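[1] I need the structure of the sequence given here:
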Amino acid sequence: MTAFTESEIEVFSLYELKQQGFSYIPGPSIAPDAEATQDFLVAEPVASYGVPDKRAAYGDVVLKHTLEQAIDRLNPTLPVSARQEALKAVLSVFSPQLIDANEAFQKMLAEGVPVTIQKDGQERGERVWLVDFQNPENNVFFAINQFTVLERNQSKRPDVLLFVNGLPLVVIELKNPADKHATIRKAYDQIQTYKTVIPSLFFYNAFCVISDGLEAKAGTISSAFSRFQTWKTIDGKKESSPHVSQLEVLIRGMLNKATLLDLIRNFIVFEKDKKIDAKTGLTQIETVKKIAAYHQYHAVNKAVGSTRLAATAEGSRKAGVVWHTQGSGKSLSMVFYAGKLIHNLDNPTIVVITDRNDLDQQLFDTFAASASLLGQPPVQAESREHLKSLLKVASGGIVFTTIQKFFPENDSPAYDLLSERRNIIVIADEAHRSQYGFQAKLVDTKDEGGKVDGKRIAYGFAKYLRDAVPNATFIGFTGTPVESTDINTPAVFGDYIDIYDIAQAVEDGATVKIYYESRLAKVNLTEEGRKLIEELDREMTDDSTSETQKAKAKWTKLEAIVGHPVRLKNLARDLIAHYEKRAEVFEGKAMIVTMSRRIAVALYEEIIALRPQWHSEDLKTGTLKVVMTSSSSDKMAFDPEDPDSLVIPACHRTNKESRRLLSDRMKDPEDSLKLVIVRDMWLTGFDVPCLHTLYIDKLMKRHTLMQAIARVNRVFMDKPGGLVVDYIGIGNALKDALAFYSNSGGKGDPAETQAKALELLLEKIEVVRQMFYGFDYMHFFSVGTSERLSIILQAEEFILSREQGKDRFIKESIALSQLFALAVPHEDALALTDEIAFFQSVRARLLKFEGDGDNGDKKNYESAIRQIVNQAVESTGVVDIFDAAGIKKPDISLLSEEFLQDVKEMKHKNLGIELLKKIL
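    Have a look, this model is predicted:
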C-alpha cells in the first residue's frame, strides 16, 4: 500500500473545489510559453465565461483578459473609458508595504473602483464593480494549480490559487499528511516565503489557506500562525463530524461561492492601531488585517437576519442576544454586524451602548480602527445634548454613548422623543446588565446637603431608551450568559441568537484555558476578615448598584482589614516572589486587582519599597504602574486639616490620554511595563494577549468575576494558559460562576485549579522520563559543566537511536515546558526545575539540526516560554560542533575518504548523521 503524496492532496482539493463550481485550469496551460497544441487547455467544468488567455509574462498575477471581460459585463452602462480606467487602477496596485497595497485593493474590491465620468457636460463620480456580490453566478471562478510567478529573478509556484473574475483572491498551500516533517506549520512558513519573494501576488490576496489534508486553517497575510483558524461547519447549523477532514469542511463551508464572496465583502477588516513609542514619543500606525472566524461569520449572519425581521412593521423590535465568551472576538463580531447592517438596511442609524466610559472608549476604538469596513467613522456622544442632536438626523451614522446619557434630566419620569424611525438599531454591549430593564423601583432623593429627603420612582434604562427611540430594534452582545432568573434581558432584547462558549473557544484555539491558584494562606487575613468575606459572598450581588447599605458597610470594614499595612507588606512580598518565579519561565505580564484606590496606592508603595527599580515618575518608563481615575477631592499629599481625604500622588493621576499611553505600553510585549495595579479599570474589554497572570485581592461575583478572569485567556504565541491567583477567597464565587455558567447552557470551566496543571505536569514528565528508559541521566545534576555537556550529547545520541525518537521527544518536551510554566511556582513544580532544564537542554541540541537556522518565523518553538537551561548548564567555553559529534575537524574537502572514515569510527553516530543532514 502506497502512502499519501502531496499531489494526491492537491487533486483532492481541486476535486472538492470543482464540486463548489470552480473551473479547474492547470497552471502550465496558460503559462507564457505554453504550447497551443497541449491537451489541457479546456477548463473543467467548462467556465460560464470561457477560459483565460495565456499570460503575457510569468510576472503577471492577474488574468487581465478575464478581469477585463468581467468589468465590461458587470458595468455595461459606464463608458468604455471609465471601465479601462478601473482596469488600469487594479493592475497598477502597488506599495512598498505589502499590507498597504493589499488594503488599497480590498477597498476597490469591496466598494468598487472610483472613477470620474462626464454626463450632461458635468463630471460625476461613479463606481466600477469588479465582482457581483449579489449574484455569485454572475462571476467566473477558477481553481488553478502550479501557477508559476516570477519576480525579481526568483520564481515560486503556490499549490492552488483561487481566481474570481481573474483576480487571485485565495492562496492554498498544501503539505503531505503522511510526511511527519511536512506539517501545517511548514505550509504557513511557505506562505511567508511567498510574501517575501513574490509579494505582488499578495497585493490581491483576500486570505490564505494552509492544510496537510487532515488539518486545515485560514488566515490573512498579517495573521500569526496562532491566528490561523479552523473552519468547523459546512452549513453553520452544526459542527462537522471529526471524521471528515478539515480541508473538506473548509472548502465546502468557507470556499463555496456565496460564503467566499460574503466573507470578502463583509467580513474582512484592516484595523488601524495608533501606538505612541514610549521612548521617542512618536506615533506609529500599525495595520492588521483580520477575517472572521466561522463562529463570528455565522453568528453575524444570524443576527442580521433576526434584525431585519424584528425591524419590519410587524416585527417585535427585539433582535435577540449573541453570547460569545470573552476573548473570542465579540467586539469584532459587533463591527462585522454593524458593517453588514449598513449594506442590508435602509441607511440605518446604529447606536452602540455601553455602561462605563472606559468600555465606551475601548469599543469605540475597535470600531474606529475598522472604519474602512463601516464606510464611515463612528462618533462619540459627548453629552446628552450632543446625543440628542446625533439621533435627530434623518438617517445614517454610528453613534457611541454610555447608557447613563439616556437618564432623563431633573428626575423626569420620561426621556424626550428623539426619533420614530424604524431603521435605528441599538446595540448593547454586555446586555445582561440589570440596569437595562423596564421595571420601576423606588429610589432615595437627597437634599443639597446629601441627606435623604424622600423617594421617587426610577426605571431601568431600557424604558428611557424606548421613550427616545420607540421604534428602534434592540440587539444585545454579551461575553457571559444571561441568568435564568433574569427577566430584563429577554424583555428588552429577546432570546439567544447564537452561543459560543468556553469549551468551544478553547477547543478552536480562540482562547486559552484559565487556571486557578489560591494563595490565601500566604497573606495574613484576620478571622474577622474571613467572616466578613463569607457574609459578603452571600450578600453581594453581581450588580454593585443594588447592594444594601448593610453590605456596603461591611465592604468598608473589610477594606480596612484587607488594606492593613502589615497585610499589604506580606501581600507585596509574596506577590513579587510569585511573579518573579513565573517570569523566569514565562514571558508576559500581570495585573493586580485591589478593593479600593487607597489600597492600590498603598500596595504600590509596598512593592516599590522591595523593588525600587520598578518605579518611575515618567509614564513612559517603569515596570509597575497604578491605573485608575482620580477625583478633584483627592490630595497630592497628606493634609492634616483633612486627614480622611484620599492621597493620590501625581504619578498615579491619569487622564484619558495618559491611560491610552499606559494601555499601549501594556499591550506591547517588549515594553518594560510588566505589572499594573487596578481597582475596576481594564477588568472588562481590555485585550492584552501577553497578559498571563491575574492577582485578585478583591471580592467579585458572577459576570464581574468571569469578565475579570477572562483578561488572561487571550491567545499569545504558544501561551499555554492564563493563571488567576486568589489572595482574598474567590474560590466559592468561582464555583458559583461555574454552576451559573453550566445552568445557562454553556460548556467548559471558567477556571481550572492549578492542581490540575500540576497533575498534567506530573503525567507529562513521566512520559518524557520513559523516553530515557535505559539511560541514566540523574548524575547530570551533581557533576561539573564539562561532564554535563557530555551527558547532554549522550542523551541526544540515545534519543536519536530510538524510532521517531527525535520528533516524539521535541513534541513531548515542548508540552512539558508549557505545563511547567502553568504550574510554577507550586513547590512540587519547582522541585522539577533541574530535570526540566535537562530536557530543555537536550531539545535545544536537537533543534540545532532543524531547518537552515535563519528563518525568522522559526526563532524557537516556545517563544512565550522562557528556557531555564542556563540555570542548569553554563558553558565555560566554545563547544566545537565537530568535536561534539566526535568528528575531527576537517581541513580538507568535507566528503573526502578520510572524513567519511571518521564518520564510521565516530563515538556518536546518530549525532553525526544529523550533522551531515544539516551540512548537506
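[2] can you list the weak-confidence ranges in the stretch 1-150 of the chain?
    1-4, 36-43, 45-48 (pLDDT under 70).
[3] Show me where it has its helices.
    Remark: helices assigned in the stretch 1-150 of the chain by DSSP state H, counting those that start in this stretch are 6-19, 64-74, 80-91, 98-111.
[4] Could you dump those into a markdown table and include distance to residue 843 and mean neighbour count?
    For glycine as for every other residue, the C-beta is placed from the backbone atoms N, C-alpha and C. A markdown table is the format used below for the helices of the stretch 1-150 of the chain (distance: least, Cβ to Cβ, whole Å; neighbours: other Cβ atoms under 10 Å):
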| stretch | distance to residue 843 | mean neighbour count |
| --- | --- | --- |
| helix 6-19 | 28 | 18 |
| helix 64-74 | 50 | 19 |
| helix 80-91 | 49 | 16 |
| helix 98-111 | 34 | 19 |
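[5] Any idea which of the ones you listed gets closest to residue 353?
    helix 98-111 (27.6 Å; Cβ to Cβ).
[6] list the helices and strands the closest one packs on?
    helix 80-91, helix 199-203, helix 257-266, strand 268-276, strand 283-291, helix 371-374 (3 or more Cβ pairs under 8 Å, 6 or more residues apart in numbering; DSSP states H and E).
[7] Show me what the fourth one is packed against.
    Looking back up the chat, that one is strand 268-276. Using 3+ Cβ pairs under 8 Å, 6+ apart, strand 268-276 sits against helix 98-111, strand 283-291, helix 330-344, helix 357-369, helix 371-374, helix 656-667.
[8] ok, residue 138 to residue 66 distance?
    Counting by Cβ to Cβ, to the nearest Å, the gap from residue 138 to residue 66 is 14 Å.
[9] what do you get for residue 134?
    20 Å.
[10] Kindly report the same for residue 5.
    Taken as Cβ to Cβ, the span from residue 5 to residue 66 is 31 Å.
[11] burial measure for residue 29, as a count.
    19 (other Cβ atoms under 10 Å).
[12] mind checking how far it is from residue 314?
    Counting by Cβ to Cβ - residue 29 and residue 314 are separated by 56 Å.
[13] Would you mind checking the average pLDDT for stretch 592-611?
    In this model, stretch 592-611 has an average pLDDT of 95.
[14] Check the offset of it from the chain's centre.
    Relative to its chain's centre, stretch 592-611 lies at 30 Å (Cα atoms, centre = their mean, to the nearest Å).
[15] For that stretch, give me every contacting residue.
    555, 558-559, 562-563, 565, 568-569, 571-573, 575-576, 614-615, 623-624, 626, 628, 630, 646-649, 652, 675-679, 683, 694-700, 708, 728 (Cβ atoms under 8 Å, 6 or more residues apart in numbering).
[16] Please pick the buried ones from those residues.
    Among the contacts of stretch 592-611, those scoring as buried are 555, 558-559, 562-563, 568-569, 571-573, 575-576, 614-615, 623-624, 626, 628, 648-649, 652, 675-679, 683, 694-700, 708, 728 (criterion: 16 or more other Cβ atoms under 10 Å).
[17] Which segments of this structure make up each domain?
    6-266, 270-500, 510-750, 758-879 (automatic domain parsing).
[18] isn't residue 219 right next to residue 206, touching?
    No: using Cβ atoms under 8 Å, residue 219 is not in contact with residue 206, being 11.2 Å away.
[19] and for these two, which residues touch both?
    Common neighbours of residue 219 and residue 206 (Cβ under 8 Å, 6+ apart) are residue 291.
[20] out of those two, which sits in the busier spot?
    Neighbours of residue 219 and residue 206, each counted by other Cβ under 10 Å, are more numerous for residue 206; the result is 27 against 22.
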